[in-house]
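A.B. asks: structure for the following, please:
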Amino acid sequence: MNSYTFMGLDDVEEEEEISSRKKSFIKRAIMCIKMRRQATRVTRNNITRDHAGAHTRLVATHFSETSMYNETRFRKMFRMARPLFNQIVNAISNHSAYFQSNPDCIGREGISPLIKCTSAIHQLSYDVNASFLDEYMQISERSSRKALDHICQAVIEIYGPEYLRNHTVTYVEKLYWRYEEKHGFSGMLGSLDCTDWEWFGCPYAFKPQYVRRDHGSNPFILMEAVASQDDMACFLWC
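C.D. replies: Predicted structure coming up:
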């Protein structure tokens, strides 16, 4: 028997209308959910950077035979001499695969080892944000942070056994001798810190000896803290 036998025509039309409204509501709900997901989805902008051009400019300004800046300017900007920087770059490039120049999947040249090392050294030297170097060196903030992490790890692995080793008796005696020869104090490993102590009771006759123009018109004494091998610190007047 037909299910519509005991139902009037009006009832059938009402049921069909309700079913149609339900389907329409579900479709609109699904569409709203999709639109909301697309609106909240963070898309990554693909920025085309001129890695080769940045490398060429960096070499022309700092590392070519006719570079724009001389050795003094280089040392001031990189906080080290140019031969030392080149030595570190070569050692790290041979040690870590991250600092080796490899083209991408379409054959486009990537970030050069020189750019990565320069970015990391500038972050360490000037405490700048990783994104600060993007415009000049054409390196993203993420790549700059990765370069900094990798160069720190590589430097520890390469130079750690030599420069982070435990002091031997012979090495400590050599430090004693060099520090005494330079500063005139025996039994001291080095200077911890120094401060300017203003000398209010300085005799007038001694005042010209203890005044410097970059420290104002009042006389001062440089107080330096030094340490011995047994971790005993003392203050010395210089």
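A.B. asks: got a list of what the residue minimising distance to the centre of the chain touches?
C.D. replies: Central residue of the chain (Cα atoms, centre = their mean): residue 123, 3.8 Å from the mean position. By Cβ atoms under 8 Å, 6 or more residues apart in numbering, the contact set of residue 123 is 130, 133, 144, 148. (C-beta placed from N, C-alpha, C; glycine too.)
A.B. asks: one more time with 10 Å
C.D. replies: 129-130, 132-133, 144-145, 147-148, 151 (Cβ atoms under 10 Å, 6 or more residues apart in numbering).
A.B. asks: now whatever helix or strand it lives in: average pLDDT?
C.D. replies: Assigned by DSSP states H and E, residue 123 belongs to helix 113-126. Across helix 113-126, pLDDT averages out at 88.
A.B. asks: any idea how far that helix is from the chain center?
C.D. replies: The chain centre lies 7 Å from the centre of helix 113-126; the measure is Cα atoms, centre = their mean, to the nearest Å.
A.B. asks: buried sites along it?
C.D. replies: 113-123 (16 or more other Cβ atoms under 10 Å).
A.B. asks: before we move on, what about stretch 141-160?
C.D. replies: 143-148, 150-151, 154-155, 158.
A.B. asks: ok, and what's touching it?
C.D. replies: Residues outside stretch 141-160 that contact it (Cβ under 10 Å, 6+ apart): 49, 51, 88-89, 91-99, 110-111, 113, 115-124, 128-134, 137, 139-140, 163-164.
A.B. asks: so among these, which ones count as buried?
C.D. replies: Judged by 16+ other Cβ under 10 Å, buried ones among these: 51, 88-89, 92-93, 96, 98-99, 110-111, 113, 115-123, 130, 133-134, 137, 139-140.
A.B. asks: quick check, residue 121 in contact with residue 86.
C.D. replies: No - Residue 121 lies out of contact with residue 86 (Cβ atoms under 10 Å); the separation is 11.9 Å.
A.B. asks: correct me, but residue 119 touches residue 99?
C.D. replies: No - taking contacts as Cβ under 10 Å, residue 119 lies outside contact range of residue 99: 11.3 Å.
A.B. asks: what is in contact with those two at once?
C.D. replies: Residues touching both residue 119 and residue 99 by Cβ under 10 Å, 6+ apart: 111, 147, 151.
A.B. asks: which one of these is nearest residue 218?
C.D. replies: Among those, residue 151 lies closest to residue 218 (Cβ to Cβ), at 44.2 Å.
A.B. asks: so which strand or helix has the closest one?
C.D. replies: Under the criterion DSSP H and E, the helix or strand holding residue 151 is helix 141-163.
A.B. asks: can you pull out the helices in the protein?
C.D. replies: Using DSSP state H, the helices of the chain run over residues 9-40, 51-58, 71-78, 82-95, 113-126, 134-137, 141-163, 169-183.
A.B. asks: can I get these in a markdown table including distance to residue 218?
C.D. replies: Listed next are the helices of the chain as a markdown table, based on distance: least, Cβ to Cβ, whole Å:
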| stretch | distance to residue 218 |
| --- | --- |
| helix 9-40 | 62 |
| helix 51-58 | 46 |
| helix 71-78 | 30 |
| helix 82-95 | 40 |
| helix 113-126 | 32 |
| helix 134-137 | 43 |
| helix 141-163 | 41 |
| helix 169-183 | 26 |
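A.B. asks: alright, calling it a day.
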